[in-house]
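*Asks:* 3D, please:
(chains A and B)
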Amino acid sequence: MKDNQSIMEVDSKFKSCPGPIIDLSEAVKNAEKGQIIRLIATDPAAPSDVKEWTSQVGHKVLKISEEKGVYSIDIEVG
Amino acid sequence: MMDDFLSKISIIISSEKIDKLLEASILASTSSTMNWDAELFFTFWGLLALKKGFEAKKVSSDYSEYEDLLQKNMKSGSIPGWKELLIKAKESGNVKIFACSTTLGMFGIDKENLEEFVDDVVGAATFLSRAKESDINLFIS
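*Replies:* Alright, predicted model coming up:
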């Protein structure tokens, strides 16, 4: 990640599956290769779903963190 | 995008109950975000859901005590509407929706009375030959 690159944030809190993945895929459509997207989600399946989804479509998971049931998942658009 | 990784899912839907419609549309919409092809074949009671203006309200009768819970979750936006999911998924261009010709005849429904998002009216032979090419085949009833 370049120092000056802005992170695109996608808020999918309180959406059940497949909401977060659909939101993320919409965001990717509007992003360039190399863009970092941060998905914020409360769906407990979000971390594993994002990992599987990115491996299917060619993006990369950079970081996953969780605080009080809210996941923050950074991906890099491939 | 990894264009060399194309997969396909085929789903038969034979219920007009909201839980079944959601199960099918959640899988179809998610598969479309993975650039997979998805083909949905609505037959028997599932065909009723494709009638213009149809609103799925009931859950499967064995689980009617959960109807309010599901409705509540859909109202809050936590669970999306099945039609909205399918219409959005169709924007990807890799989701096709087929109506079963036999049940269309049985119910006496005109093709014109089917939702705009229906691609075609087909028979079993068409479905089978298309499903044969699928990596995943599901029957939801």
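*Asks:* so what sits opposite the spatially most central residue of chain A in the bridge?
*Replies:* Geometric centre of chain A, nearest residue: residue A:39, 3.7 Å, by C-alpha atoms, centre = their mean. Assessed by DSSP bridges, residue A:39 has beta-bridge partners residue A:10, residue A:73.
*Asks:* helices along chain B, start to end?
*Replies:* For chain B, applying DSSP state H gives helices covering B:18-33, B:45-48, B:67-76, B:82-90, B:101-107, B:124-131.
*Asks:* which residue packs closest to residue 28, ignoring adjacent ones?
*Replies:* Let's take chain A. residue A:77 (5.6 Å; C-beta to C-beta, 6 or more residues apart in numbering or on different chains). The C-beta positions use only the backbone N, C-alpha and C, and glycine is treated the same way.
*Asks:* switch to chain B, please.
*Replies:* residue B:38 (4.3 Å).
*Asks:* with residue B:71 instead?
*Replies:* Spatial nearest neighbour of residue B:71, excluding adjacent residues (C-beta to C-beta, 6+ apart): residue B:57 at 7.9 Å.
*Asks:* chain A contacts on chain B?
*Replies:* Within chain B, the residues that sit near chain A (C-beta under 8 Å from any C-beta of the partner chain) are B:1-2, B:5, B:26, B:29-30, B:33-35, B:73, B:76-80, B:85, B:88.
*Asks:* tally of neighbours for residue 22?
*Replies:* Just going to use chain A. Neighbourhood size, residue A:22 [other C-beta atoms under 10 Å in any protein chain shown]: 21.
*Asks:* wrong one, I was asking about chain B
*Replies:* By the measure other C-beta under 10 Å, the count of residues near residue B:22 is 20.
*Asks:* what residues are up against it?
*Replies:* Neighbouring residues of residue B:22 by C-beta atoms under 8 Å, 6 or more residues apart in numbering or on different chains: B:79, B:82, B:85.
*Asks:* distance of it from residue A:62?
*Replies:* To residue A:62, residue B:22 is 32 Å away according to C-beta to C-beta, to the nearest Å.
*Asks:* then residue B:7?
*Replies:* Relative to residue A:62, and taking C-beta to C-beta, residue B:7 is found at 25 Å.
*Asks:* export stretch B:100-113 to PDB, keeping only CA atoms.
*Replies:* In PDB, the C-alpha atoms belonging to stretch B:100-113 read as follows (Å, rounded to 0.1, in the frame of the first residue of the first chain):
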ATOM      1  CA  CYS B 100     -41.200 -24.100 -16.600                       C
ATOM      2  CA  SER B 101     -43.500 -24.400 -19.600                       C
ATOM      3  CA  THR B 102     -45.600 -27.300 -18.200                       C
ATOM      4  CA  THR B 103     -46.600 -25.500 -15.000                       C
ATOM      5  CA  LEU B 104     -47.100 -22.300 -16.900                       C
ATOM      6  CA  GLY B 105     -49.800 -24.200 -18.900                       C
ATOM      7  CA  MET B 106     -51.200 -25.900 -15.700                       C
ATOM      8  CA  PHE B 107     -51.800 -22.500 -14.000                       C
ATOM      9  CA  GLY B 108     -53.000 -21.000 -17.200                       C
ATOM     10  CA  ILE B 109     -50.500 -18.100 -16.900                       C
ATOM     11  CA  ASP B 110     -49.700 -16.100 -20.000                       C
ATOM     12  CA  LYS B 111     -46.000 -15.500 -20.800                       C
ATOM     13  CA  GLU B 112     -46.800 -11.800 -20.700                       C
ATOM     14  CA  ASN B 113     -47.900 -12.100 -17.100                       C
END
